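1. Following is a predicted model, sequence given first.
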Amino acid sequence: MAENTSRGLFKLNGITGMLIATLLLLSILAFLEMHAIKIEKAEAKHYYDPTPVVSSLDNVKEISTDNAKFDISKR
């Protein structure tokens with residue numbers, strides 16, 4: 001059998017490739033985390049206000065054809 005002499009410790013299929021893959025995955029993780037934090041900060045200013053829902057629960061019926069007429073954009 002022929003011996004595989006093309007392998008090396010610091011080639012792309014060795015430690016260098018592992019470090020490149022690890023750094024790439026960590027950079028993707030950092031990118032996604034930074035965008036998630038940015039989105040959370042922006043959405044923290046628009047918290048959920050249950051007043052429109054709670055104030056009109058007396059008129060809500062579980063099974064009704066009037067439920068199809070409900071428009072959420074009229075706040």
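-> Happy to help now that I have it. Numbering: from 1, shown residues only.

2. sec struct for residue 12, please.
-> coil (DSSP: H, G, I helix; E, B strand; the rest coil).

3. so who does it touch?
-> residue 20 (C-beta atoms under 8 Å, 6 or more residues apart in numbering). Bear in mind the C-beta positions are built from the backbone N, C-alpha and C, glycine included.

4. per-residue confidence for it?
-> Note on residue 12: pLDDT of 71.

5. and what of residue 51?
-> For residue 51, the pLDDT comes out at 67.

6. how about the helices of the protein, start to end?
-> Along the chain, counting by DSSP state H, helices occupy 15-43, 51-55.

7. Redo these as JSON lines? Include distance to residue 62 and mean neighbour count.
-> Output for these, formatted as JSON lines (distance: least, C-beta to C-beta, whole Å; neighbours: other C-beta atoms under 10 Å):
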{"stretch": "helix 15-43", "distance to residue 62": "31", "mean neighbour count": "10"}
{"stretch": "helix 51-55", "distance to residue 62": "15", "mean neighbour count": "9"}
